[in-house]
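Asks: 3D model of this:
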Amino acid sequence: MNSDYPQPILVPPGSGKELKFLGVTHKLTYHQTNSEFYLFEFEFDPESGNRLHVHRYEDEIVYVLEGAIEIRLDNQKLKAGAGGVAKLPKRIPHALYNPLKTRSRYLAMAIPGGMEKFFDDLSAAKAEGTLDDATHRKISLKYGIEWLE
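Replies: I've put the predicted structure just below:
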């Protein structure tokens, strides 16, 4: 193959860098996509999710692989089951939630790439034993993510 052109990348099933405590697996990072996007799988336990937050730098696309997702936007809620997809533009506050009594899995893309560094920094702080609310807030703000609740 000509090295002047981008090369194909294959990520086999079950592979990628897994960050267990976050339920996130890197599939394609900004290094692999020339910073164009970041592709990752994530999962939520039954009736769990994340808090209301906003991204300053990236749009997100979330595809439901298994289960369902509920997306809270201010006081509006959107729901999708397996096969459903949602586009969440940057600067729009949102929270993601698994409304089911079973685990749900998702495939997500952040555009542009780089959000994986947020997850990596959280994982490193957890491994070092330094991850507390203040550190989480500091890492979040470093990557343009603000938690609103």
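
Asks: Which strand or helix spans F42?
Replies: Assessed by DSSP states H and E, F42 sits inside strand 38-44.

Asks: immediately after that strand, which helix or strand?
Replies: Proceeding C-terminally, strand 38-44 gives way to strand 53-55 as the next helix or strand, assigned by DSSP H and E.

Asks: by contact count, what packs against that next one?
Replies: The contact analysis (3 or more Cβ pairs under 8 Å, 6 or more residues apart in numbering; DSSP states H and E) places strand 53-55 against strand 145-147. Heads up, the C-betas are built off the backbone N, CA and C, glycines and all.

Asks: shaky segments in this structure?
Replies: Under the criterion of pLDDT under 70, the regions of the chain flagged as low confidence span 1-3.

Asks: how close does Y97 sit to L19?
Replies: 20 Å (Cβ to Cβ, to the nearest Å).

Asks: Could you pull out the helices in this structure for me?
Replies: 116-128, 133-142 (DSSP state H).

Asks: can you redo those helices as JSON lines with distance to P6 and mean neighbour count?
Replies: As requested, the helices of the chain are exported to JSON lines (distance: least, Cβ to Cβ, whole Å; neighbours: other Cβ atoms under 10 Å):
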{"stretch": "helix 116-128", "distance to P6": "19", "mean neighbour count": "17"}
{"stretch": "helix 133-142", "distance to P6": "29", "mean neighbour count": "13"}
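
Asks: Adding distance to F37 as columns, could you present these in JSON lines?
Replies: Putting the helices of the chain into JSON lines (distance: least, Cβ to Cβ, whole Å) gives the following:
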{"stretch": "helix 116-128", "distance to F37": "10"}
{"stretch": "helix 133-142", "distance to F37": "20"}
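
Asks: closest to T29 out of those?
Replies: Minimum separation from T29 across those (Cβ to Cβ) falls at helix 116-128, 5.0 Å.

Asks: these two touch, right, Y106 and V62?
Replies: Yes: with contacts counted by Cβ atoms under 8 Å, Y106 reaches V62, the gap being 5.4 Å.

Asks: Neighbour count for these two, which is higher?
Replies: Y106 (25 against 20; other Cβ atoms under 10 Å).

Asks: For the more buried one, list the residues it contacts.
Replies: Y106 makes contacts with E41, F42, E43, F44, V62, Y63, V64, L65, I69, as judged by Cβ atoms under 8 Å, 6 or more residues apart in numbering.
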